[in-house]
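S.K.: fold the stuff below for me.
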Amino acid sequence: MVSNLMFCIVSILVGLLLSCLTEMILFFVSFTVLRHFAGGYHSNSKTRCEILSSLCICLTGLLIFFSKFNVLIHTVLFFSTFLSGFVNYCLSPVEAEVKPLTSKERKKYRKISLIILCIIIIVVNITYLYKISIIYIPCCL
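M.R.: I've put the predicted structure just below:
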């Protein structure tokens, strides 16, 4: 809970500094919701996790910022959505060593993460088609 609040604050600060606040909020929400059910990399220490996550948020902000000046990035991000979607489909949910999932939880989290992933991919496709980059760029990441 505290980490999510910290990462939300980092996302807002990065968004303010790079003039992409709306995109960073959209990224944070879509990433956090998907990550909750799909799991992901878990660091050995809380400090390392916070540093790596903050670094990823900063890099995401930079990618969003530079995408405003380079249309090629839009296309790369659009196609990378399908690659990351495939990886999520194959691997989710990724469990933490300290909190293993039961078989029932695994099935539930997989189903929910795939539904979220499908919604994100549909949103990305529609907003890419209509060139609404303020939405599809952060959802691609």
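S.K.: switch to C-alpha atoms for all contacts and neighbour counts from now on
M.R.: Noted.
S.K.: state the distance from the residue lying closest to residue 27 once chain neighbours are set aside to residue 67.
M.R.: Spatial nearest neighbour of residue 27, chain neighbours left out: residue 138 (4.6 Å); criterion: Cα to Cα, 6 or more residues apart in numbering. Counting by Cα to Cα, to the nearest Å, the gap from residue 138 to residue 67 is 10 Å.
S.K.: looking at those two, which one has more neighbours?
M.R.: residue 138 (25 against 17; other Cα atoms under 10 Å).
S.K.: quick check: that one touching residue 22?
M.R.: No: with contact defined as Cα atoms under 8 Å, residue 138 does not count as touching residue 22 (9.1 Å).
S.K.: returning to that earlier point: if I pick the residue nearest to residue 27, what's in contact with it?
M.R.: Neighbouring residues of residue 138 by Cα atoms under 8 Å, 6 or more residues apart in numbering: 23-24, 26-27, 64.
S.K.: buried stuff in stretch 109-128?
M.R.: Counting neighbours by 16 or more other Cα atoms under 10 Å, one finds that the buried residues in stretch 109-128 are 109-114, 116-117, 120-121, 123-125, 127-128.
S.K.: checking the residue nearest to residue 27 next. Helix, strand or coil?
M.R.: helix (DSSP: H, G, I helix; E, B strand; the rest coil).
S.K.: do you know the pLDDT at the residue lying closest to residue 123 once chain neighbours are set aside?
M.R.: Closest residue in space to residue 123, ignoring its immediate chain neighbours: residue 136 at 7.1 Å, by Cα to Cα, 6+ apart. At residue 136, the model reports a pLDDT of 86.
S.K.: ok, residue 136 to residue 94 distance?
M.R.: To residue 94, residue 136 is 25 Å away according to Cα to Cα.
S.K.: roughly how far apart are the spatially most central residue of the chain and residue 37?
M.R.: Among the residues of the chain, residue 31 comes closest to the average C-alpha position under Cα atoms, centre = their mean, at 2.9 Å. Remark: distance between residue 31 and residue 37 (Cα to Cα) = 10 Å.
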